[in-house]
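Asker: Structure for this input, please:
(one chain, ligands or ions: 1)
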Amino acid sequence: MKLLYPIMGLTLVPLISCDANKEEPKQDSPNIVYVFPDQMRNHAMEFWGEDSFSESVRFKPDPVITPNLNQFARESAVFTNALSNCPLSGPHRGMLFTGMYPQNNGVSLNPNSLRPISSLREDVIAWSDVLSQENYSCGYIGKLHLDFPTPTDPENPGHYVEDKKPVWDTYTPPERRHGFDFWYSYGTFDEHKNPHYWDKDGKKHEPKEWSPKHEADMAIAYLKNDSKQRDPNKPFFLVVGMNPPHSPYRSLDDAMEEDYNLYKDKSKSELLIRPNADTTMAKAASAPYYFANVTGVDREFGRILDALKELGLDENTIVVFSSDHGETMCSQGIQDPKNSVYTESMNVPFLIRYPEKIKPKIVDGLFSTVDIMPTLLGAANLKSKIPSSVQGKDYSDALLLDDSSTKFDDGVLYIRNINGEIDSEGKVVSYFPESRGIKTKNYTLALSINKKTNELADVLFFNDKEDPYQLHKLKLEDYPEQKEILLTQLGVLLKETEDPWYEDKILSDLIPY
Ligand code: CA
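Answerer: The predicted structure is shown next:
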């Protein structure tokens with residue numbers, strides 16, 4: 001496979017002739033704006049309760065206020081079954097950028113300084129590599145969380161950007177930006193009202209305001225191009241990675257008061273209305289702050305949409321709203337909001353609006369992280385530019401052609417990796433593929449293995465059609481027909497995706513490889 005290497009910092013467009021420059025922008029190239037807050041449940045969008053949407057999902061929406069997303073949904077293709085294959089920050093982002101599974105893109109675990117094995121490979125072809133090659137201006141604003149932290153602090157060369165160990169946050173130097181020419185980003189950092197960012201020249205900015213508000217301001221400035229952030233003669237690709245409603249969500253240090261006031265007088269049972277939510281968990285106290293952050297993100301996303309409209313860019317711009325994974329928020333009795341096979345961990349918002357080409361509709365096909373990059377490139381009229389390294393599928397025909405015959409996959413792969421071997425210096429030198437599973441429209445199945453023996457350690461199996469809140473864990477052996485179908489499908493997925501379970505024939509007594 002021939003990999004593309006983006007040429008960083010060089011502009012090869014000749015400056016000799018104005019006419020030559022005029023030919024550069026392709027009239028059929030839409031702009032793309034991709035906004036993805038972190039840890040946002042698909043259930044936390046108010047429009048799911050509206051008549052035209054409620055019959056398409058099996059859940060009741062959270063009692064949350066999202067007026068901008070409600071209007072955006074009416075103008076968009078809205079996916080009911082968008083699933084995060086590996087519902088964790090870094091691994092999701094690796095798949096999002098490349099359309100490749102973690103073992104191929106390099107991001108198998110959340111990157112930190114003890115895990116040099118987990119970092120987006122420099123030689124993979126990311127979405128921004130393709131788009132910059134296709135003459136797009138590419139901008140990244142906000143949380144990246146794709147890079148193994150290295151001592152690359154631009155203000156303190158040879159040092160990490162933070163003192164605590166392991167180091168989580170990092171500065172991403174130009175050679176690791178995969179074609180993004182505008183940069184205002186950080187690795188991972190969780191002080192919502194005290195965020196920081198490094199710009200493309202490595203200058204650190206600490207704006208002391210709620211991060212989604214600041215990122216929306218930066219995104220709007222990019223759209224307006226008020227300080228020449230982009231080439232006005234090129235289409236643009238802008239990604240905004242917001243951190244809220246990611247934790248912490250404990251106090252007004254984390255959320256805007258105007259948003260918190262909408263929820264503060266509601267009881268825990270008024271906020272956590274699901275039959276699987278345990279309102280006695282300590283975490284239940286975070287619900288008003290979580291929903292406040294959802295409402296705040298909705299407002300900031302709305303401001304970006306308003307700016308597009310004001311600038312006359314809305315018709316020819318593809319806008320996506322999504323998230324890296326869900327948030328269980330007191331369901332299943334678990335503290336971990338993510339990184340599990342439960343629907344509320346894997347199911348994410350995915351709304352795509354393209355007024356010139358995509359009619360508003362509900363899409364119920366199974367769609368997962370690896371499909372996003374190829375589908376987006378397909379929607380932008382760049383089908384032929386989808387790299388051969390991509391493992392996901394281009395479903396853009398289902399959107400552009402109003403083609404109801406598009407066949408979506410019957411099952412989506414679930415992945416959970418944990419630290420593998422650790423060397424004498426404490427560095428993680430391998431990852432362990434602890435759990436694999438499959439989600440279909442009607443079933444959830446995950447198998448976990450013992451780290452020492454590779455033998456079956458746990459099975460999670462649910463009938464989501466009859467039990468959408470996953471209250472009843474079923475025994476796989478009680479459903480022999482479904483067991484055979486699902487394990488066969490899982491075997492095919494593991495083989496097709498070149499998963500380590502297939503390579504090592506893990507649980508070959510159960511899974512027909
Ligand atoms: Ca995350």
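
Asker: Which one of the residues in the protein is closest to the ion?
Answerer: Ser89 (3.1 Å; C-beta to the ion). All C-beta spots, glycine's among them, are computed from the backbone N, C-alpha and C.

Asker: neighbours around that residue, how many?
Answerer: Residues lying near Ser89 (other C-beta atoms under 10 Å) number 26.

Asker: Pull the contacting residues for it.
Answerer: Each residue near Ser89 by C-beta atoms under 8 Å, 6 or more residues apart in numbering is listed here: Asp38, Asn110, His145, Thr188, Asp324, His325, Lys338.

Asker: would you turn the residues you listed into a markdown table with pLDDT and neighbour count?
Answerer: Putting the contacts of Ser89 into a markdown table (pLDDT from 0 to 100; neighbours: other C-beta atoms under 10 Å) gives the following:
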| residue | pLDDT | neighbour count |
| --- | --- | --- |
| Asp38 | 98 | 25 |
| Asn110 | 98 | 19 |
| His145 | 97 | 29 |
| Thr188 | 97 | 21 |
| Asp324 | 98 | 27 |
| His325 | 98 | 29 |
| Lys338 | 96 | 23 |
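
Asker: Tell me if I'm right that Ala277 and Met329 touch.
Answerer: Yes: contact status for Ala277 versus Met329: in contact at 7.0 Å, counting by C-beta atoms under 8 Å.

Asker: State whether Asp324 is indeed within a strand.
Answerer: No: going by DSSP: H, G, I helix; E, B strand; the rest coil, the assignment for Asp324 is coil, not a strand.

Asker: Please tell me I have it right and it contacts Val35.
Answerer: No: at 12.0 Å, Asp324 and Val35 do not qualify as touching, with contact defined as C-beta under 8 Å.

Asker: Could you check how far the closest residue to Gly241 other than its chain neighbours is from Thr98?
Answerer: Nearest non-adjacent residue to Gly241, counting by C-beta to C-beta, 6 or more residues apart in numbering: Gly142, 3.8 Å away. Separation of Gly142 from Thr98 (C-beta to C-beta, to the nearest Å): 19 Å.

Asker: give me the low-pLDDT residue ranges for the stretch 201-350 of the chain?
Answerer: Under the criterion pLDDT under 70, no range of the stretch 201-350 of the chain is flagged.

Asker: can you list the residues of it near the ion?
Answerer: Neighbours of the ion within the stretch 201-350 of the chain, by C-beta under 5 Å from the ion: Asp324.

Asker: Pull the contacting residues for Arg299.
Answerer: By C-beta under 8 Å, 6+ apart, the contact set of Arg299 is Asn68, Asp259.

Asker: Is it part of a helix or strand, or is it coil?
Answerer: helix.

Asker: Which residue comes closest to Ser396 once chain neighbours are left out?
Answerer: Gly378 is the one closest to Ser396 (C-beta to C-beta, 6+ apart), at 3.0 Å.

Asker: that older thread, which single one of the contacts of Ser89 is nearest to Gly491?
Answerer: Checking the contacts of Ser89 against Gly491 by C-beta to C-beta gives His325 as the nearest, at 25.1 Å.

Asker: For Ser345, see how far away that closest one is.
Answerer: 6 Å.

Asker: between the two, what contacts are shared?
Answerer: Ser84, Pro87, Pro337, Lys338, Asn339.

Asker: how about Asp259, what does it touch?
Answerer: Neighbours of Asp259 in contact, by C-beta under 8 Å, 6+ apart: Ala292, Asn293, Thr295, Gly296, Arg299.

Asker: Can you mark which positions in the helix or strand hosting it are buried?
Answerer: For Asp259, the host element (DSSP states H and E) is helix 257-260. Of the residues in helix 257-260, those buried under the neighbour-count criterion (16 or more other C-beta atoms under 10 Å) are Asp259, Tyr260.

Asker: from the middle of its chain, how far away would it be?
Answerer: Averaging C-alpha positions (C-alpha atoms, centre = their mean, to the nearest Å) puts helix 257-260 26 Å from its chain's average.

Asker: go on, stretch 70-89?
Answerer: 10 Å.

Asker: Give me the nearest residue to the residue of the chain closest to the ion, chain neighbours excluded.
Answerer: In space, Ser89 is closest to His145, 4.9 Å off (C-beta to C-beta, 6+ apart).

Asker: picking up where we left off before, got the CA coordinates for the helix holding Asp259 in PDB?
Answerer: Provided in PDB are the C-alpha atoms of helix 257-260 (Å, rounded to 0.1, in the frame of the first residue of the first chain):
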ATOM      1  CA  GLU A 257     -24.900  28.800  35.500                       C
ATOM      2  CA  GLU A 258     -27.600  29.800  32.900                       C
ATOM      3  CA  ASP A 259     -27.700  26.200  31.800                       C
ATOM      4  CA  TYR A 260     -27.500  24.700  35.300                       C
END
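
Asker: Would you mind writing the CA trace of the helix or strand following that helix as CSV?
Answerer: The helix or strand immediately downstream of helix 257-260 is helix 268-271, counting by DSSP H and E. Extracted C-alpha coordinates of helix 268-271, given in CSV (Å, rounded to 0.1, in the frame of the first residue of the first chain):
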residue,chain,number,x,y,z
LYS,A,268,-32.8,12.9,40.5
SER,A,269,-35.8,10.8,39.5
GLU,A,270,-37.1,13.6,37.3
LEU,A,271,-33.7,13.8,35.5
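
Asker: now helix 268-271: how far from the chain's centre is it?
Answerer: With C-alpha atoms, centre = their mean, you get 28 Å for helix 268-271.

Asker: If you count contacts, what does it end up packed against?
Answerer: Here helix 268-271 touches helix 287-310, going by 3 or more C-beta pairs under 8 Å, 6 or more residues apart in numbering; DSSP states H and E.

Asker: where's the residue at minimal distance from the centre of the chain relative to His145, distance?
Answerer: The residue lying closest to the centre of the chain (C-alpha atoms, centre = their mean) is Asp324, at 2.7 Å. Per C-beta to C-beta, Asp324 is found 8 Å from His145.

Asker: overlap in contacts of those two?
Answerer: Residues touching both Asp324 and His145 by C-beta under 8 Å, 6+ apart: Ser89, Arg93.

Asker: if we can go back for a sec, hmm, which of the contacts of Asp259 are the buried ones?
Answerer: Ala292, Asn293, Thr295, Gly296, Arg299.

Asker: Determine the number of other residues adjacent to Asn450.
Answerer: Neighbour count of Asn450, defined by other C-beta under 10 Å: 11.

Asker: cool, and Lys309?
Answerer: Residues near Lys309, counting by other C-beta under 10 Å: 11.

Asker: List the buried residues of stretch 345-358.
Answerer: 345-355, 357-358.

Asker: ok, now stretch 210-223?
Answerer: 210-220, 222-223.

Asker: One more: stretch 486-502?
Answerer: 486-487, 489-494, 497, 499-502.

Asker: Ok, stretch 297-304 next?
Answerer: For stretch 297-304, using 16+ other C-beta under 10 Å, the buried residues are Val297, Asp298, Arg299, Glu300, Phe301, Gly302, Arg303, Ile304.

Asker: Spell out which parts of this structure neighbour the ion.
Answerer: Going by C-beta under 5 Å from the ion, the residues of the chain near the ion are Asp38, Ser89, Asp324.
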